[in-house]
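> Sequence isn't available, so here's the structure alone:
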């Protein structure tokens, strides 16, 4: 089961839920009106839908595992601002597939992976830190962040955004990485209070950059609020 | 009285309040500096102002009744993102009128209608659903959503946005409607965590589409949080 | 000390904290990857960083004092939407300097001034009011608001935005001022639920406009919620 015992929802479109008020749905035969208005290629008869109130990075990295594991594509990734996400984003991810079983499977994998990808999300009343890593980026990460396909890829996120600037600088100095992107409140986010730094390179270097930034992030966010800086689930990097 | 006993506010500009931290104000003679900076036609000597922390659909549908009932126009509709609105929008609506009594009356009608138009807004800790319907769209709905004037018009809204996608598909399949618009976090909203589907058609079909989506929405949002899915006031559709 | 006894954070990059989950940081030698991705002139070897969950006006006016007092420039001002800021913005301000001591000093001055510039921020559960004034605008205010350099400059802010419209009209009528800007949820803010009116002119006129708007604002926001309308620190205008 994905995200808890939701047997109570009798809809065939319902797939499951996960941490962060994440919901997974599937539509077997998308209505033509919707295909057109959503601007989705009609060859994708079925879509899988993953949405969350809290979290975007965890869902995108989870979706990247889903596209590796299934015969589906990520056709849309959007990043709402959401009250529940504090300083950060929620997410809306749409998978397209020719067969409903593929769309459903993509959603299932994503919901299942989200537990892991929330592992290096650290929230306190003052803000949050997020780190993600993959040894091999696939098309979801390429679409969302411009990650080079097949390469090791990582991100550092700090909120308030001031902290994210320091994380980016720390990561850049800690190892020989290639900077891919830098998103800030007014440029590349949906006005979230975050700086998101993305980079690729040698697998060891990407991890080293993340680990260095994580150490600094934990120290500096503790200066704003005395609360312990703890993982949302279990750290994986 | 509109929105409670607010006799305590002695300002002549004050009209009243309503649900959702909605406030109604009127300016009899707009200062020329403001006319220019707000880019409002100077023929509108008076403006009515309705703003809310929570809710945009309810206020726009209420304002549509106000323009039908008064000699005023909606000159501006803006949709802030607001903490208090959870995953959704607040609103700012400006009525222009040549006479202050018309501007005031437009605000009064809007505040009075908002009680009704919150009737098919259903919030839970996990998100919200919203449905609106009018038998005859007027200029406020045309301005906000591109509604065809004089026709039956409805909207479905789901938050988190994943739910809104399912509502749109459900509505599209339930009856023969004409799709007018589809807004999502990254395209047509102010980055709210909603999908908003708008449609017109035969009055019965529009209502049927809404009622089908409402049934599905109540089931699926209950999968995220066990709280009862209840109307903010009294359902009207 | 700036913003409390934060001796516990051992990072050399840490400068201090202040009201509104404001944090001040400094980077002595910005990594070249970051210089490029942030699009900051490389002559600024050092950057000072001030970020906040709550508040933008207070930080920008504080930063304006910092650029007057130090050999630094404001190279970036961004306005996130943030849950913690209620209807308003957070902020991210970056100072550039050739010498780290100047960058650090700019952050210190900003953190120290923020206590004062929160003085005319008035929050209630229904929304907030903000007023800022300077006798002489410098480059931070020019960059953020287009303030004429060296002139007296003020702003009025009301949230929900409906209240901000009334404050703008009140300020415009109260004294002979020059309107500089008018920002609203859909035009000039990051979709915050505010109207921000900015103006310059004779010092007495600018103050008179603010004081008139402040009186009206306190009355009208009290109509939405019975809570007392109190300063976040100590009023300074």
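Ah, there it is. Owing to the predicted nature of the structure, the values given are computational and were not obtained by experimental measurement.

> For the residue nearest the centre of chain A, list the residues it contacts.
In chain A, the residue lying closest to the centroid (CA atoms, centre = their mean) is residue A:57, at 2.3 Å. Counting by CB atoms under 8 Å, 6 or more residues apart in numbering or on different chains, residue A:57 touches A:117, A:121, A:130, A:132, A:155, A:157, A:196. The C-beta positions use only the backbone N, C-alpha and C, and glycine is treated the same way.

> from these, which ones fall inside helices?
Counting by DSSP state H, the contacts of residue A:57 place residue A:117 in helices.

> Looking at the contacts of residue A:57, spot the one nearest residue B:42.
Among the contacts of residue A:57, residue A:196 lies closest to residue B:42 (CB to CB), at 44.9 Å.

> quick one: contacts for that closest one?
The contact partners of residue A:196, by CB under 8 Å, 6+ apart, come to A:57, A:155, A:156, A:157, A:164, A:181, A:182, A:183, A:184, A:188, A:189.

> run the last query once more with 6 Å
Neighbouring residues of residue A:196 by CB atoms under 6 Å, 6 or more residues apart in numbering or on different chains: A:157, A:183.

> same thing with residue A:142?
Residue A:142 is in contact with residue A:149, counting by CB under 6 Å, 6+ apart.

> Spell out which residues of chain A are next to chain B.
Residues of chain A lying close to chain B by CB under 6 Å from any CB of the partner chain are A:6, A:9, A:11, A:13-14, A:17, A:21, A:23, A:25, A:27, A:31, A:33-34, A:37, A:49, A:51, A:53, A:78, A:80-83, A:90, A:92, A:190.

> Quick check on these: which are buried?
A:6, A:9, A:13-14, A:17, A:21, A:23, A:25, A:27, A:31, A:33-34, A:37, A:49, A:51, A:53, A:78, A:80-83, A:90, A:92, A:190 (16 or more other CB atoms under 10 Å in any protein chain shown).

> wait, isn't residue A:137 in contact with residue A:147?
Yes: the criterion here is CB atoms under 6 Å, and residue A:137 meets it with residue A:147 at 3.8 Å.

> Please enumerate the shared neighbours of those two.
residue A:153.

> who touches the residue of chain A found nearest chain C in this structure?
Residue nearest to chain C within chain A: residue A:162 (2.5 Å; CB to the nearest CB). Applying CB under 6 Å, 6+ apart, we find residue A:162 in contact with C:23, C:25, C:49, C:51, C:92.

> 10 Å instead?
A:127, A:193, A:195, A:220, A:224, C:21-25, C:48-53, C:90-94, C:107 (CB atoms under 10 Å, 6 or more residues apart in numbering or on different chains).

> Identify the residues contacting whatever residue of chain A ends up closest to chain B.
Chain A approaches chain B most closely through residue A:51 (2.5 Å), counting by CB to the nearest CB. Residue A:51 sits next to A:20-25, A:59, A:78, A:80, A:90-94, B:87, B:127, B:158-166, B:185, B:193, B:195, B:224 when contact means CB under 10 Å, 6+ apart.

> So which of those belong to helices?
The members of the contacts of residue A:51 that map onto helices under DSSP H are A:59, B:161, B:162, B:163, B:164, B:165, B:166.

> circling back to that earlier point, now, which of the residues of chain A next to chain B lie within strands?
Here DSSP state E is the test, and the residues of chain A next to chain B give A:14, A:17, A:23, A:25, A:27, A:49, A:51, A:78, A:92 as lying in strands.

> from what I can see the third one touches residue A:54, true?
If I follow you right, that is residue A:23. No: using CB atoms under 10 Å, residue A:23 is not in contact with residue A:54, being 12.0 Å away.

> Any chance you could list residues touching both of the two?
Common neighbours of residue A:23 and residue A:54 are listed as residue B:160 (criterion: CB under 10 Å, 6+ apart).

> the strands in chain A, which residues?
Using DSSP E, the strands of chain A run over A:14-18, A:22-27, A:46-52, A:73-78, A:91-97, A:121-124, A:127-134, A:152-159, A:178-183, A:195-201, A:230-231.

> In JSON lines: those, plus mean pLDDT and distance to residue C:212.
Formatted as JSON lines, the strands of chain A follow (pLDDT from 0 to 100; distance: least, CB to CB, whole Å):
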{"stretch": "strand A:14-18", "mean pLDDT": "94", "distance to residue C:212": "52"}
{"stretch": "strand A:22-27", "mean pLDDT": "94", "distance to residue C:212": "49"}
{"stretch": "strand A:46-52", "mean pLDDT": "94", "distance to residue C:212": "46"}
{"stretch": "strand A:73-78", "mean pLDDT": "95", "distance to residue C:212": "43"}
{"stretch": "strand A:91-97", "mean pLDDT": "96", "distance to residue C:212": "45"}
{"stretch": "strand A:121-124", "mean pLDDT": "93", "distance to residue C:212": "41"}
{"stretch": "strand A:127-134", "mean pLDDT": "96", "distance to residue C:212": "37"}
{"stretch": "strand A:152-159", "mean pLDDT": "96", "distance to residue C:212": "38"}
{"stretch": "strand A:178-183", "mean pLDDT": "96", "distance to residue C:212": "41"}
{"stretch": "strand A:195-201", "mean pLDDT": "96", "distance to residue C:212": "39"}
{"stretch": "strand A:230-231", "mean pLDDT": "94", "distance to residue C:212": "49"}
